[in-house]
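Peer 1: A structural model of the following input is requested.
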Amino acid sequence: APTTCTRPAVAFRYEHDMDDRGLFYYIGTQGRTQPWQNPAEAGWVTATRSSEQAGKASDLTGRQPCTSYTSNQPNSWWQVDLGAGRLFTPTRYTLRHSNRPANVVWRLQSWRLEGSVDGAEGSWRTLDEHANEPNA
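Peer 2: Model prediction:
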């Protein structure tokens, strides 16, 4: 059966990295009606990751620079469940990571952005992929 969304569609128009026009900002301000809160920490979305190393999974939906990463293992992942009734088709996204030369070994060089309507195994689709990007 097709998935239906009970809320009206909202368009997010990218202006620049970390602007106030993105999905997590929208959810974190309850539709731009409240002061910003990290939506994962507020319980409005669920952030998880494959392992706990530094920081916490909710750092992914935050707006403050921080040190947060998984264990250095193949196929590590981060995930955000937007919750029932929220469908989202990204056209752009911002990925923050260390850009200091001293942290070159921690710099993200390969990643895949995937999406799923229901999170079920086999339902994930690749939306964007980057491999071995030394200047990412």
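Peer 1: count the residues that sit near S58.
Peer 2: Residues lying near S58 (other Cβ atoms under 10 Å) number 20. Bear in mind the C-beta positions are built from the backbone N, C-alpha and C, glycine included.
Peer 1: name the helices or strands packed onto the helix-or-strand element of the chain with minimal mean pLDDT?
Peer 2: Counting by mean pLDDT, DSSP states H and E, the chain has its least confident helix or strand at strand 111-115, which shows a mean of 90. Helices and strands touching strand 111-115, as assessed by 3 or more Cβ pairs under 8 Å, 6 or more residues apart in numbering; DSSP states H and E, comprise strand 125-130.
Peer 1: pairing partners for the strand it packs on, with directions?
Peer 2: Partners of strand 125-130 in the sheet, by DSSP bridges, are strand 111-115 (antiparallel).
Peer 1: re the thing from before, list the contacts of the least confident helix or strand of the chain.
Peer 2: Defining contact as Cβ atoms under 8 Å, 6 or more residues apart in numbering, one finds that strand 111-115 is touched by F88, T89, P90, Y93, L95, W124, R125, T126, L127, D128, E129, H130.
Peer 1: show me which positions of it end up buried.
Peer 2: Buried residues in strand 111-115, counted by 16 or more other Cβ atoms under 10 Å: W111, G115.
Peer 1: repeat that for stretch 123-131.
Peer 2: Of the residues in stretch 123-131, none is buried (16+ other Cβ under 10 Å).
Peer 1: repeat that for stretch 64-74.
Peer 2: For stretch 64-74, by 16+ other Cβ under 10 Å, it's S68, Y69, T70.
Peer 1: tabulate the CA atom coordinates of it in PDB.
Peer 2: Provided in PDB are the C-alpha atoms of stretch 64-74 (Å, rounded to 0.1, in the frame of the first residue of the first chain):
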ATOM      1  CA  GLN A  64      26.900  23.200  17.300                       C
ATOM      2  CA  PRO A  65      30.300  22.000  16.200                       C
ATOM      3  CA  CYS A  66      31.400  19.000  18.300                       C
ATOM      4  CA  THR A  67      33.500  15.900  18.300                       C
ATOM      5  CA  SER A  68      31.300  12.900  17.600                       C
ATOM      6  CA  TYR A  69      32.100   9.700  15.700                       C
ATOM      7  CA  THR A  70      31.600   6.000  15.600                       C
ATOM      8  CA  SER A  71      34.200   3.300  16.000                       C
ATOM      9  CA  ASN A  72      36.500   3.000  12.900                       C
ATOM     10  CA  GLN A  73      34.800   0.000  11.500                       C
ATOM     11  CA  PRO A  74      33.700  -0.900   7.900                       C
END
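Peer 1: sweet, I'm off.
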